[in-house]
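**Student:** After the sequence you'll find the predicted model.
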Amino acid sequence: MRPSKQRSANSALLRYLGLRLALLIPTVLILVTVVFFFMRVIGDPITAAQGGRLSASELEARREAAGYNRPIWVQYFEYLGNILRGDFGIASKDHREITEVVLTNGAATLELVFWALLVAFAVGIPLGRLAARYHDRLPDVSIRTFAVLFYAAPVFFVGLLLKLLFSSQLGWLPASGRATFETRLELGRMENPSHILIIDAVRSGSFDYVVDVLRHAVLPAITLGLLTAGVFIRLIRINLLETVQADYVTAARARGVAERKVVSKHAFRNALIPVVTVMGMEIALMLGGAILTETTFEWDGIGYQLSQYLLARDFIAVQGIVTAIALVIALASFLIDVINALVDPRVRY
């Protein structure tokens, strides 16, 4: 590439990234604002959690001590300031800092999402290619039906079916938790644990711990991974069918390039670009699915903790966790935009 074209491409990339970064700030502000005022619709957290359990005077004293009797706009700007300092509040249920909950239990959710993505790629990419290869024939119809079923099926229902078959009936895999109590106890004693059990198990050097962690991860990963695999199958199939009809693919065939090489080297790579594009949306989908998956399998991630705080009506913790999740999704979407711009130069212009 000529120096002038290289400078132009770099300039376009910087403009694009600058625009996406500029849009990130109002997006985050809108998300935080919506979460704050939506939670205030149900009333202040003290009244929501303790209403009916305390006398009116005791309730008012607690509201005044927590500052919830002040004007709503004062509370809002104070909350924004706390978020900028990384302070998402303290849970009333167990008195844990929400930042610590997000970091500790969020590591468990990150581990689950990682395993689920491996399942999604392992299932979605080969089946998407196979469906495109046998376009409108029996394999294609079967794979498309499979994709629609698992995308539309409720995550908790799929999880319960898997537990019933592989745990209750066959007894092959554990039904809940991230590891046995003994394994978690030993890994928790490690110096500076990462809270990602597979990493801690590998660090421990114990093969039994690694196997135990992997066995507990199988059913939750399949449950959440199949949800995303359905999206990947349809995306890869559609884009591969469009790509194989492109001019540069036709030119490769005209040069005598083997059909398998045409598909794998020319068409398939470009068919993967839309998968990268939708990864930001898929992260939001997977985090939403993770809440139900973690609850179904008692996987002690941030989604499971959120469900426990909801049951306890601890709306301070709920507000902090939902805000943190919204920030993570916004940041992940920005990172996906950056990756997409590096993979596909067309999005910069």
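**Tutor:** Cool, got the structure.

**Student:** Where does pLDDT dip in this structure?
**Tutor:** 1-10, 13, 42-60, 62-68, 244-250, 252-281, 283-284, 340, 343-349 (pLDDT under 70).

**Student:** so what's Ser167 closest to, chain neighbours aside?
**Tutor:** Ala175 (3.8 Å; C-beta to C-beta, 6 or more residues apart in numbering). C-beta here means a position set from N, CA and C on the backbone, and glycine is covered the same way.

**Student:** Hmm, the one you found is touching Leu165, no?
**Tutor:** No - the pair Ala175 / Leu165 is not scored as a contact, 10.8 Å apart, by C-beta atoms under 8 Å.

**Student:** in the longest helix seen in the chain, what counts as buried?
**Tutor:** Secondary structure of the chain per DSSP state H: the longest helix is helix 3-41. For helix 3-41, the buried set under the neighbour-count rule, 16 or more other C-beta atoms under 10 Å, comprises Leu13, Tyr16, Leu17, Arg20, Thr27, Val28, Leu31, Val32, Val35, Phe36, Met39, Arg40.

**Student:** Same check on stretch 94-110?
**Tutor:** Within stretch 94-110, the residues scored as buried using 16+ other C-beta under 10 Å are Arg96, Glu97, Ile98, Thr99, Val101, Val102, Thr104, Asn105, Gly106, Ala107, Ala108, Thr109.

**Student:** now, which of those lie within helices?
**Tutor:** Cross-referencing the buried residues of stretch 94-110 against helices under DSSP H gives Ile98, Thr99, Val101, Val102, Thr104, Asn105, Gly106, Ala107, Ala108, Thr109.

**Student:** Closest one of these to Ala317?
**Tutor:** Distance to Ala317 across those (C-beta to C-beta) is lowest for Ile98, with 6.0 Å.

**Student:** So the closest one sits against Gly89, correct?
**Tutor:** Yes - in this structure, Ile98 is within contact of Gly89 by C-beta under 8 Å, at 5.1 Å.

**Student:** what residues are shared contacts of these two?
**Tutor:** Ile316, Ala317, Gly320 (C-beta atoms under 8 Å, 6 or more residues apart in numbering).
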